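**Student:** Take a look and give me a structure for this.
(one chain, ligands or ions: 1)
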Amino acid sequence: MNVETSVGNEQFRVERPAHVPEEAVVEIDYHLFGGAADPRLKPGMAYQEAWKEIQDSDGPDMRWTPFNGGHWIPMKGDLINEVLQNPDRFSSKYIALPKEVGELYDFIPLTLDPPEQTPYRAILNPLLSHKVVRPKEAPVRALAADLIEGFMDKGECDYVRDFANILPVATFHELVGLPEEEREELRKLATSGDQTKPESVELMLEKIEGYLRPHLKRRREEPGTDLFSGLLHSNVGDRPITDDEAMHMCKQLFVAGFHTTASSMTYAMYQMSKEKALRDDIASDLPNVRFKVEELLRRFAMVSIPRTATRDTTLGGQEIKEGDPILLPLILHNMDESIYPDPMKIDFKRRGALQAGFGRGAHKCPGSVLGIVEISVALQEWLKRIPDFEIANKDDVVMAGGGVARIDRLPLRWDV
Ligand code: HEM
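**Tutor:** This is a model prediction of the structure:
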C-alpha cells in the first residue's frame, strides 16, 4: 500500500545522503505527523492509526525522512528494541530533532548514556518508587474528583483543558511541594516551547530554570521531604550532587511527566467516547483498572524518541553512518503484529511481551508507577460519576503530532 505525501517544515529539510536507498524515503515531519496539519490524517483517525498505515505500507524496514535534519525510522519492534538496548551504538545525546533543537536539551539522565547515566538513575528510582508514590494517590484522587464535580452538572467539558492538562501538573506539585497558585504558570511554561524552533526551545528552558532556581535554593538551605529536596541531598556515586546537576535533573522531571500523562489519559478517553463496550468493560471492574491501563498505553503509545549512531553500524540490514539520527516512534513497536497479534484491538487479556510506551533499556521511564496511578485514578473517578459520554462534535476534536503526540481538544458531552 502506498501512502500520500505529508506536509513538513522545510527549514531543516536535507538532501538524501548516498547511503540512503531511494525506496527508503518517506516524507515525515514527526512534529506534524498524525496531527491536524497532516493531510494524511483522515477523519476519525488518530496519530496511532496514521503510523500503522506507514508501517503497513510498501517499503523497507528502515525508512528515512529528509525532514528535521534527515533521520531513520525503523518500522519493526525488534529494530526499535535493538536501538534502545544498545546505548553504546545508539546514544541519547540528542533527545529532540533536528540536532539544532536537540543540543539545547541538557537534561539528566536522558542525555547521558550508561555508564555515565547510571548513578543518576540510582538517585531517581527510589524517589519515584511505589513507596513514595502510594501516599500521593489519595490527594491526586481528591483533586480528580474535585475537577470532575466542577463541570459534571454542565453535561459537557473539554477533557483536555478542564481535566487532562490540570491533573498531572497538580500531581507534580504534590510531589515537589510547589505553591498551588503557581500551577497554571507551570503548565504554560512546560508546554510553551515550539519544538521546531531552537530559539523558542532555548527560551522555554531558560524560563524553566529561572522558575526552578529559587525553589531549589530554598530546598538546599531548608530541606523538606519532597522530591526536589531528595534530589538535592543525594550522592552521585560517592560524592554529593552539585547544584548544576540537580538543576539538570529537576528540569528533566519538570518536563517529562506532564504531556505524557495528559496525552495518555486523553487518548484513552477519546477511544472510550467512541466505544461503549470499552467504557463498560473498564467501568465493570474499577478497583482493578490499573491492570487495564497497560493495554491502553500499548494501544495509544505516543512518545517518539531520537537516538544517534555513535559509529558506523548496521540496523535491519541497512548501513547506518556515525552521526545518523534515528527516530523511534514507540507505537511502531506496540503495533507490530509479530509481537502483538491483532495489534489494533484493545484486548485486556493480552499476555506476553510488555508494551514499550515507557521506553526500554537504560532510560526506561522511572515515572511509570506515578503515570499509571494518575491514569487509573483519572479513569476511576470519571467513570464513577460519568459512565456514559460521547464526543460533542467530531469536527472540534484537535489532534497534534510531535515527540509526545496528543489531542489538543476533546469536547465531551453526557446526559445530566
Ligand atoms: C504515561 C505517562 C508517561 C509516559 C508514556 C512516559 C514515557 C517515557 C519514555 C518513553 C521515556 C524514555 C525516553 C527515552 O528513552 O529516550 C521516559 C523517560 C523518563 N520519564 Fe517518563 N513517561 C511518563 C510519565 C512520567 C512521569 C509521571 C515522570 C516523573 C514525574 C516521568 C519521568 C521520566 C524521566 C525522568 C525520564 C528519563 C529517564 C532516563 O533518562 O533515565 N515520566 N518516559
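**Student:** Residues of the stretch 201-350 of the chain that sit close to the ligand?
**Tutor:** Residues of the stretch 201-350 of the chain lying close to the ligand by CB under 6 Å from any ligand atom are 252-253, 256-257, 260-261, 264, 303, 305, 330. Glycine gets a C-beta too; all of them are placed from N, C-alpha and C.
**Student:** Can you flag which of the residues you listed belong to helices?
**Tutor:** Among these, the residues falling in helices (DSSP state H) are 252-253, 256, 260-261, 264, 330.
**Student:** of the residues you listed, the lowest pLDDT goes to which?
**Tutor:** Lowest model confidence among those falls on Ala256, which carries 89.
**Student:** what sits against the closest residue to the ligand within the stretch 251-400 of the chain?
**Tutor:** Taking CB to the nearest ligand atom, the ligand has its nearest neighbour within the stretch 251-400 of the chain at Gly367, 2.1 Å off. Contact analysis of Gly367 by CB atoms under 8 Å, 6 or more residues apart in numbering lists 128, 253, 256-257, 260.
**Student:** hang on, the earlier thing: among the residues of the stretch 201-350 of the chain next to the ligand, which two are most distant?
**Tutor:** Of all pairs drawn from these, the widest gap by CB to CB lies between Leu253 and Leu330 and measures 20.1 Å.
**Student:** what about Ser92, distance to Val83?
**Tutor:** Distance of Ser92 to Val83, computed by CB to CB, to the nearest Å: 10 Å.
**Student:** list the residues that contact both of these two?
**Tutor:** When CB under 8 Å, 6+ apart defines a contact, the residues bordering Ser92 and Val83 alike are Arg307.
**Student:** Quick check on the closest residue to Tyr159 other than its chain neighbours: phi, psi?
**Tutor:** Leaving aside its sequence neighbours, Tyr159 sits nearest to Leu410 (CB to CB, 6 or more residues apart in numbering; 4.2 Å). Dihedral angles of Leu410 (phi, psi; degrees, to the nearest 10) stand at phi -140, psi 90.
**Student:** and if you look at Gln48?
**Tutor:** Dihedral pair for Gln48: phi -60, psi -40, per degrees, to the nearest 10.
**Student:** In this structure it contacts Arg299, no?
**Tutor:** Yes. With contact defined as CB atoms under 8 Å, Gln48 reaches Arg299; the gap is 7.0 Å.
**Student:** Any stretches of this protein with poor pLDDT?
**Tutor:** Residue ranges of the chain with pLDDT under 70: 1-6.
**Student:** The closest residue to Arg213 other than its chain neighbours: neighbouring residues, count only.
**Tutor:** In space, and not counting its chain neighbours, Arg213 is closest to Met247: 7.5 Å by CB to CB, 6+ apart. Met247 has 19 neighbours, counted by other CB atoms under 10 Å.
**Student:** try Thr191
**Tutor:** Per other CB under 10 Å, the neighbour tally for Thr191 reads 15.
**Student:** Contact partners for the residue nearest to Arg213?
**Tutor:** Applying CB under 8 Å, 6+ apart, the residues contacting Met247 are 209, 212-213, 216.
**Student:** what are the ranges of the helices in the stretch 151-300 of the chain?
**Tutor:** Per DSSP state H, counting those that start in this stretch, the stretch 151-300 of the chain carries helices over the ranges 159, 167-176, 183-190, 198-221, 227-232, 243-256, 258-274, 276-283, 289-299.
**Student:** Pick the most deeply packed of the ones you listed.
**Tutor:** Across these, averaging neighbours per residue (mean count of other CB atoms under 10 Å) puts helix 159 on top, at a mean of 25.
**Student:** can you list contacts of that helix?
**Tutor:** 266, 269, 410-412.
**Student:** now with 6 Å?
**Tutor:** With contacts defined as CB atoms under 6 Å, 6 or more residues apart in numbering, helix 159 is touched by 269, 410, 412.
**Student:** quick one, phi/psi of Leu412?
**Tutor:** When read as degrees, to the nearest 10, the backbone of Leu412 gives phi -110, psi 150.
**Student:** now Val25
**Tutor:** Residue torsions, per degrees, to the nearest 10, at Val25 are phi -70, psi 130.
**Student:** Next to the ligand, which bits of the stretch 51-200 of the chain? Give me the list.
**Tutor:** So the stretch 51-200 of the chain meets the ligand at 92, 95, 109-110, 121, 124, 128 (CB under 6 Å from any ligand atom).
**Student:** residue contacts, the closest residue to Arg311 other than its chain neighbours?
**Tutor:** Among residues not flanking Arg311 along the chain, Glu322 sits closest, at 4.9 Å (CB to CB, 6+ apart). By CB under 6 Å, 6+ apart, Glu322 lies in contact with 309, 311-312.
**Student:** And the residues you listed, which of them are buried?
**Tutor:** Burial by neighbour count, judged by 16 or more other CB atoms under 10 Å, picks out Ala309 from the contacts of Glu322.
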